[in-house]
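1. Sharing a model that was predicted from the sequence below.
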Amino acid sequence: MTDLITVVYPDDRGVRIWSDLALNTEVPGQWPYGLEGMRTAASQVTYKDVPSVPPAGKIAAIFGMYPNARRVLSGTTSLTWDEGAAQRMLYHAPAEKMYSGVIWSTDEIMRKENKLRNKAIRSGLRRMDGLWCLSKAQVHPLADWLDVSAQKIEYLPFGIDHEYFKPDHYPPEPMILSVGNDADRDIKTLFQAMSKIHSKFPDIRIVVQTNSNLTAPEGVQKIARVPHVDLKKLYTRAAVVVVATRMNLHGSGMTVALEAAASGRPVVITATPGIDHYVDDGVTGYLVPPEDADTLANKAMSILRDPVAGAQMGLQGRRRIEEYFNTRRMAKDIVAMVGV
């Protein structure tokens with residue numbers, strides 16, 4: 001009998017909201033992360049948007065108490081994208097087999113952040129039949145934290161919707177673009193690099209999308225979060241996309257790097273563990289040391305000075321997205337991972 005696979009999403013950012021936006025091409029895919037693609041590789045795949053865990057349930061989770069864990073049907077599989085949603089899945093969509101991705105916890109435990117929440121998350125993740133990470137650098141630290149075999153944890157290369165993010169001609173009046181809001185973005189180093197670029201290329205437009213409270217330097221336009229439809233246009237107007245992050249294991253910036261590559265644009269990004277799988281140094285972009293504003297700026301400016309080479313990097317990046325780093329391949333990999 002073929003398992004019924006249920007992809008579990010938090011209801012505040014689940015399929016019902018996402019699919020309404022997708023009708024007007026405001027977001028890529030029909031489900032978040034393109035996981036509707038699993039339906040082409042497995043015969044029975046559905047979704048479930050679930051509410052948050054009630055306060056009493058969160059307290060119980062700290063002690064490993066999951067009252068719904070045994071009320072499951074045989075032949076069912078539930079999976080979810082990240083460890084926070086895994087808590088909801090255990091309470092609202094338990095199954096015979098359960099799988100989850102892990103994104104944030106590896107860095108939080110390394111920095112000793114959110115200790116109480118991660119105690120509950122650890123208890124839940126140990127109940128999973130399998131886990132995946134988007135960065136190879138996370139696998140062994142996660143196994144050590146959970147006290148499980150590393151064989152229980154798989155590396156899942158991330159993918160984006162390459163039919164939504166598409167390339168365009170290299171812009172005759174290019175700009176520098178940076179995008180991203182996660183906690184591991186290094187806006188201080190980024191702004192230092194952008195200031196240096198502006199001093200050398202005062203006529204180049206520089207756009208930084210961030211929620212940071214830091215004041216943007218002269219020549220840098222700071223913008224708030226933009227919808228996907230506007231983000232697509234920004235990528236194609238850029239000559240290069242620049243991302244600065246602090247040291248982390250989960251590959252901060254990988255989404256932007258892949259979206260830029262799908263749009264045919266080279267990337268200059270901090271070389272944190274695992275990010276080299278997504279950006280091929282010297283081929284699809286450049287990797288630079290953490291907190292090195294000078295190198296970040298110099299690599300970006302080298303692309304400005306040689307737009308032919310920059311366009312070639314963009315073509316190489318687009319080719320790799322089409323061949324591998326896309327949601328279609330990622331969805332198939334998840335189906336293979338859960339063994340259905």
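-> Noted; the coordinates are in hand.

2. going forward, measure contacts between C-alpha atoms and count neighbours the same way
-> Noted.

3. tell me the SS of Ser199?
-> Three-state call for Ser199 (DSSP: H, G, I helix; E, B strand; the rest coil): helix.

4. got a list of what it touches?
-> By Cα atoms under 8 Å, 6 or more residues apart in numbering, Ser199 lies in contact with nothing.

5. So it versus Lys188, what's the distance?
-> 17 Å (Cα to Cα, to the nearest Å).

6. How about Pro172?
-> Distance from Pro172 to Lys188, by Cα to Cα: 29 Å.

7. Between the two, which has more neighbouring residues?
-> Each of Pro172 and Lys188 has its neighbours counted (other Cα atoms under 10 Å); Lys188 has more, 16 against 10.

8. secondary structure element for that one?
-> Lys188 belongs to helix 187-200 when elements are defined using DSSP states H and E.

9. Ok, Thr77 next?
-> Thr77 belongs to strand 76-80, assigned by DSSP H and E.

10. send the alpha carbons of that strand over as PDB?
-> The C-alpha trace of strand 76-80 is given here as PDB (Å, rounded to 0.1, in the frame of the first residue of the first chain):
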ATOM      1  CA  THR A  76       0.700   7.600   6.700                       C
ATOM      2  CA  THR A  77       3.600   9.900   6.500                       C
ATOM      3  CA  SER A  78       3.800  13.500   7.600                       C
ATOM      4  CA  LEU A  79       6.700  15.900   6.900                       C
ATOM      5  CA  THR A  80       7.400  19.600   7.400                       C
END
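
11. Need the residues that contact it.
-> By Cα under 8 Å, 6+ apart, strand 76-80 touches 3-9, 86, 89, 93-101.

12. repeat for stretch 314-328
-> Outside of stretch 314-328, the residues within contact range by Cα under 8 Å, 6+ apart are 33-35, 37-38, 157-162, 167, 258, 261-266, 283-284.

13. In strands only, show me those.
-> Using DSSP state E, no member of those falls in strands.

14. Select from these every entry located in helices.
-> Secondary structure from DSSP state H places 258, 261-262 of these in helices.

15. Does the residue nearest the centre of the chain lie in a helix or a strand, and which?
-> Centroid-nearest residue in the chain, with Cα atoms, centre = their mean: Thr255, separated by 4.5 Å. If you go by DSSP H and E, Thr255 is part of helix 254-262.

16. what distance separates whichever helix or strand comes after that helix from the middle of the whole chain?
-> Proceeding N to C from helix 254-262, the next assigned helix or strand is strand 267-270, under DSSP H and E. Taking Cα atoms, centre = their mean, to the nearest Å, one finds the center of strand 267-270 at 15 Å from the center of the full chain.

17. and the helix or strand containing Val242, what does it pack onto?
-> Using DSSP H and E, Val242 sits in strand 238-243. On a contact count with 3 or more Cα pairs under 8 Å, 6 or more residues apart in numbering; DSSP states H and E, strand 238-243 meets strand 175-179, strand 267-270, helix 293-305, helix 307-323.

18. lowest confidence element among the helices and strands of this structure?
-> helix 55-62 (a mean of 71; mean pLDDT, DSSP states H and E).

19. helices or strands next to that helix in the packing?
-> Helix 55-62 packs on helix 115-125, going by 3+ Cα pairs under 8 Å, 6+ apart.

20. after the helix it packs on, next one along is what?
-> Moving toward the C-terminus from helix 115-125, the next helix or strand (DSSP H and E) is strand 130-133.
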